[in-house]
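Enquirer: Turn this into a structure:
(one chain, ligands or ions: 1)
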Amino acid sequence: MNTTVIVGSSVAGARAARSLRSEGYSGRVRLVGEETAYPYDKPPLSKTYLAGTADDTQLTLLTPEQARAEEIELSLGRRACGVDLASGEVELDDGSRLGFDQLVVATGARPRRPPWPTPPGVHVLRSLADAEALRADLAEASRLVVIGAGVIGAEIAATARRAGREVTLIDPLPGPMHRVVGARVAERVAELHRRHGVRTLFGTGVEGIGGTRGGLQVRLDDGRALAADTVLVGIGAEVNDGWLATSGLRLDDGVLCDQYCRSVSAPHVFAAGDVARWFHPGVGGHVRTEHWTNAVMQAACVAHNIAHPEDLRGYGPTPYVWSDQFDWHICVVGETSVEPAETVEGPPGADGTRFAALYCSADRTLTGAVVVNWPRALMRCRVAVEQRQSIEELRIDLTDELSRRPAGARGTSMAVR
Ligand SMILES: Cc1cc2nc3c(=O)[nH]c(=O)nc-3n(C[C@H](O)[C@H](O)[C@H](O)COP(=O)(O)OP(=O)(O)OC[C@H]3O[C@@H](n4cnc5c(N)ncnc54)[C@H](O)[C@@H]3O)c2cc1C
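Expert: Now for the predicted structure:
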């Protein structure tokens, strides 16, 4: 029987397995994961799970009953160590080998480790086990220092502050999510954190951490030291492609793939999620992203291409990522790493601030948007980015949107900056 082996049992792997069935694939589906937990979702780990408002049953991506019903064979707690392309086998850490006709690599990424020693009480956050350890330490802590103000660091700072902890957020860059949204929006996010009582130290680096759990000292590059009970290090991720080093598959900070998400070295090997670096037809080059929506959509594309090799689909999504910090639901669509050309302020609703920062190319074509607490504007921005509308066209759309706001909404005017 035709067999597809999927390595990596998180969102990309679990979605690829389930999508194979919904695409009508009738061969064997074998899902391998080094974690012993049933496939679970990661975005809540820094939000509701850390806050204690969601438990692990609310993270589930695939239950034992679903796996049985969909004939997905699971090998959990098993690490893949290598691939033999000649024999078509994946080697596992217990010495067993799984034969495949198609292989899907979905091994994602791991947290970048800090360059200094990390005493007890210093955490990273990627897995459920990491989240449980951080949650347990935070329950005993009053002072948290977060090193790194990317999406995950900023979310953890917000969650811990909301839970009443004294929080300091440190980053050498000028503000949270700076690499994703540029300096101006990052400054607004920094202001949000300060307003809620987070102490922010931007433009500041860390030289080391001393002490131990409950009595840590974070040494800063300006000579100061901060006392902390618990420290979270969120300084980015590294791709999990090392296990493929001797496989003969071409790697380039991820598995290098064509536009159909097939390895450029072996067309029966596919990659999906954070580990895939694929040729994006819209960008005209290879890209790799670390976003949940990409993992889901790419897994569906891979499943389609395995189930229907006669109808290969290229994969060229518009990037989309969201983040929840305090009362802001921040959505990022398209390319937003430069500075926004304009910001459209919406009328503040019950959920506080609303705005859309618009990013464009030199010819005023919209390339991306950051939208806060404004779902209808987000829908319009997504369409506008996908259709490469001009920023002027979108502004007319948003003005129209504002004029239709529900009766009783507060605020009377829109400001464009
Ligand atoms: C705390 C947190 C919050 C996040 N919040 C958001 C958010 O708000 N919005 C958003 O868009 N994205 C968010 N993300 C990112 C999103 O969760 C990731 O993009 C997504 O998890 C990627 O899925 P993946 O399946 O490709 O990889 P991963 O989730 O990294 O999973 C890979 C799996 O493969 C396993 N594995 C690795 N190597 C091997 C091996 N050799 N053998 C067997 N198994 C192996 C790993 O243990 C892991 O289970 C967040 C991530 C984290 C960690």
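Enquirer: CA only for contacts and neighbour counts going forward, please
Expert: Fine.
Enquirer: Not counting sequence-adjacent ones, nearest residue to the most centrally placed residue in the chain?
Expert: Geometric centre of the chain, nearest residue: residue 291, 3.4 Å, by Cα atoms, centre = their mean. Excluding its sequence neighbours, the residue lying closest to residue 291 (Cα to Cα, 6 or more residues apart in numbering) is residue 321, at 5.9 Å.
Enquirer: element containing the one you found?
Expert: strand 320-325 (DSSP states H and E).
Enquirer: Please apply the same query to residue 18.
Expert: Going by DSSP H and E, residue 18 is in helix 11-22.
Enquirer: Please spell out which residues along that helix are buried.
Expert: Buried residues in helix 11-22, defined by neighbour count with 16 or more other Cα atoms under 10 Å: 11-21.
Enquirer: before we move on, the earlier item: does the ligand sit close to the strand holding residue 321?
Expert: Yes - applying Cα under 6 Å from any ligand atom, one finds strand 320-325 in contact with the ligand at 321-323.
Enquirer: which sections of the stretch 101-250 of the chain are below the confidence cut-off?
Expert: Along the stretch 101-250 of the chain, no part satisfies pLDDT under 70.
Enquirer: What segments of it are helices?
Expert: Using DSSP state H, counting those that start in this stretch, the helices of the stretch 101-250 of the chain run over 128-140, 151-162, 178-195.
Enquirer: deepest of those, which one?
Expert: Per-stretch averages of neighbours, counted by mean count of other Cα atoms under 10 Å, single out helix 151-162 among the helices of the stretch 101-250 of the chain, with a mean of 24.
Enquirer: Beta-bridge partners for residue 357, please?
Expert: residue 343, residue 370 (DSSP bridges).
Enquirer: hey, what's residue 75 bridged with?
Expert: Counting by DSSP bridges, the residues bridging with residue 75 are residue 32.
Enquirer: gap between it and the ligand?
Expert: With distances taken as Cα to the nearest ligand atom, to the nearest Å, residue 75 is found 9 Å from the ligand.
Enquirer: For that residue, give its distance to residue 33.
Expert: 6 Å (Cα to Cα, to the nearest Å).
Enquirer: again, but for residue 289
Expert: Applying Cα to Cα to residue 289 and residue 33 gives a distance of 21 Å.
Enquirer: What of residue 129?
Expert: With Cα to Cα as the criterion, residue 129 and residue 33 are 14 Å apart.
Enquirer: likewise residue 60?
Expert: 15 Å.
Enquirer: Likewise for residue 292?
Expert: Distance, residue 292 to residue 33, using Cα to Cα: 18 Å.
Enquirer: What of residue 384?
Expert: 39 Å.
Enquirer: Between the two, which has more neighbouring residues?
Expert: Between residue 384 and residue 33, residue 33 has the larger neighbour count (other Cα atoms under 10 Å), namely 24 against 21.
Enquirer: if I pick that one, what's in contact with it?
Expert: Taking Cα atoms under 8 Å, 6 or more residues apart in numbering, we find residue 33 in contact with 7-10, 75-80.
Enquirer: Check those residues for burial and list the buried ones.
Expert: Neighbour counting with 16+ other Cα under 10 Å marks 7-10, 75-76, 78-80 as buried within the contacts of residue 33.
Enquirer: Show the contacting residues for residue 368.
Expert: 332-336, 358-360, 381, 385.
Enquirer: Give me the three-state assignment for the closest residue to residue 94 other than its chain neighbours.
Expert: Nearest non-adjacent residue to residue 94, counting by Cα to Cα, 6+ apart: residue 78, 7.4 Å away. Three-state call for residue 78 (DSSP: H, G, I helix; E, B strand; the rest coil): coil.
Enquirer: Now residue 78: phi and psi?
Expert: Here is the backbone geometry of residue 78 (degrees, to the nearest 10): phi -120, psi 130.
Enquirer: Would you mind measuring from it to the ligand?
Expert: Distance of residue 78 to the ligand, given as Cα to the nearest ligand atom: 6 Å.
Enquirer: What pLDDT is listed against that residue?
Expert: Residue 78 is assigned a predicted lDDT (pLDDT) of 98.
Enquirer: Show me what from the stretch 151-300 of the chain comes close to the ligand.
Expert: Neighbours of the ligand within the stretch 151-300 of the chain, by Cα under 6 Å from any ligand atom: 152, 240, 243, 273-275, 290-293, 295.
Enquirer: ok, and the closest non-adjacent residue to residue 222?
Expert: residue 204 (7.4 Å).
Enquirer: ok, how many other residues are close to that neighbour?
Expert: 17.
Enquirer: And the residue of the stretch 51-200 of the chain closest to the ligand?
Expert: residue 108 (3.2 Å; Cα to the nearest ligand atom).
Enquirer: what number of residues lie near that residue?
Expert: 26.
Enquirer: That one contacts residue 277, doesn't it?
Expert: No - at 11.2 Å, residue 108 and residue 277 do not qualify as touching, with contact defined as Cα atoms under 8 Å.
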